[in-house]
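> Next come a sequence and a model predicted from it.
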Amino acid sequence: MHAENQSRWEKPDRWHIGIIGGSGLADGVGLEDAQEIEVSSPFGEASGPVTVGTLDGVRFTFLARHGAGHRLPPHEVNYRANVDVLKRCGVTDVLSLSAIGSLQENLAPGHFIAIDQFIDRTVHRGHSFFGPGMVAHVSLADPVCPMLASMAARAGEKAGATVHRGGCYLAMEGPQFSTRAESRLYRQWGADVIGMTGMPEARLCREAELPYAMLGMITDYDAWREEEQGVEVSEVLEVMHANAATARNAVRALAAFLPERRPPNPIDRALDHALVTAPAARDRTLLAKLDAVAGRVLR
Ligand SMILES: CSC[C@H]1O[C@H](OP(=O)(O)O)[C@H](O)[C@@H]1O
Ligand SMILES: Nc1ncnc2[nH]cnc12
């Protein structure tokens, strides 16, 4: 790869926010001058075309996580292709809007939460862009960008939601909801909310040097409350539909809050010290696939 390609992947000082819309948000966030485009990825098929547009003069690219009409279950989403496609579109940061279950009494359905930690219990998903012939180990101690999460929380409040700042998201494989025993176990582990999609999405964004935050919309109390029946998807979707407009307004408010210039973010350079494989031992085919994700650092 050449120096020209490397400089192409340096971040500009203008925001370009990638929005990954989850359950109930497949129809987008109401971008102005919206244009749908198909972007191909060497990592396979993304969930669908992206919609590029603006809000308050800020560039946004929207991708429906489960595809149009909620076609894909959480374990069949190609998270690698989705993140790769957003990177190819030139997004600087990624905000996920997700439906989540609550594992704590005070996190009530209808509330929003800007999460700051993950426990990953997913098992059957492509969870890294790297592999044999190009090994990389990024730091994931703090998987969420504090600056983006804080702005997303503020934006949620501006849109009228009760927003909890910080919380640990347990990513389960699904697609079935948890048993009561699992739900109680996750509470003992210190998880606050539960969903099926935040991982490997967050870890892939870190590998792609994209600051990531999740504004979760709490839809149910999962299965740990003895007196309740357990989760039904109809209940989740009903709460989601009631809150979708607030989520869209939060994105609009975020656009208005963003400072004019995007400051450099340490996550933009997450790969600086992560690559392990010696140049002579690198796999050319894999290197070619990594042109967007790791184009800034690979030569
Ligand atoms: C439709 S209920 C379960 C489904 O909803 C959440 O999706 P997303 O995170 O994309 O909003 C959850 O993770 C499951 O995929
Ligand atoms: N209880 C729950 N478990 C997993 N994913 C969810 N998405 C919304 N509610 C959920």
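In hand now; what should we look at? Ligands and ions are numbered 1, 2, ... in the order given.
> what's the weakest-modelled helix or strand in the chain?
With mean pLDDT, DSSP states H and E as the measure, the helix or strand of the chain carrying the lowest mean pLDDT is helix 3-8 (a mean of 70).
> The helix or strand following that one pairs with which strands?
Note on helix 3-8: by DSSP states H and E, the next helix or strand toward the C-terminus is strand 16-21. If you go by DSSP bridges, strand 16-21 pairs up with strand 58-64 (parallel), strand 93-102 (parallel).
> neighbouring contacts of strand 16-21?
28-29, 58-65, 82, 86, 89-97, 201, 210, 251, 254-255, 258 (Cβ atoms under 8 Å, 6 or more residues apart in numbering). C-beta coordinates here come from the backbone N, C-alpha and C atoms, glycine included.
> Please name the residues that touch the residue nearest in space to the middle of the chain.
Residue closest to the average C-alpha location in the chain (Cα atoms, centre = their mean): residue 96, at 4.1 Å. By Cβ under 8 Å, 6+ apart, residue 96 lies in contact with 19-20, 22, 65, 197-198, 201-202, 212-215.
> Include neighbour count and pLDDT when you put the residues you listed into TSV, please.
Putting the contacts of residue 96 into TSV (neighbours: other Cβ atoms under 10 Å; pLDDT from 0 to 100) gives the following:
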residue	neighbour count	pLDDT
19	29	98
20	26	98
22	27	96
65	25	98
197	27	98
198	29	98
201	27	98
202	27	98
212	25	98
213	25	98
214	30	98
215	27	98
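> Which members of those occur in strands, if any?
Among those, the members falling in strands (DSSP state E) are 19-20, 212-215.
> contacting residues around the residue in the stretch 1-150 of the chain positioned nearest to ligand 1?
Nearest to ligand 1, among the residues of the stretch 1-150 of the chain, is residue 22, at 2.2 Å (Cβ to the nearest ligand atom). Going by Cβ under 8 Å, 6+ apart, residue 22 touches 65-66, 96-99, 197.
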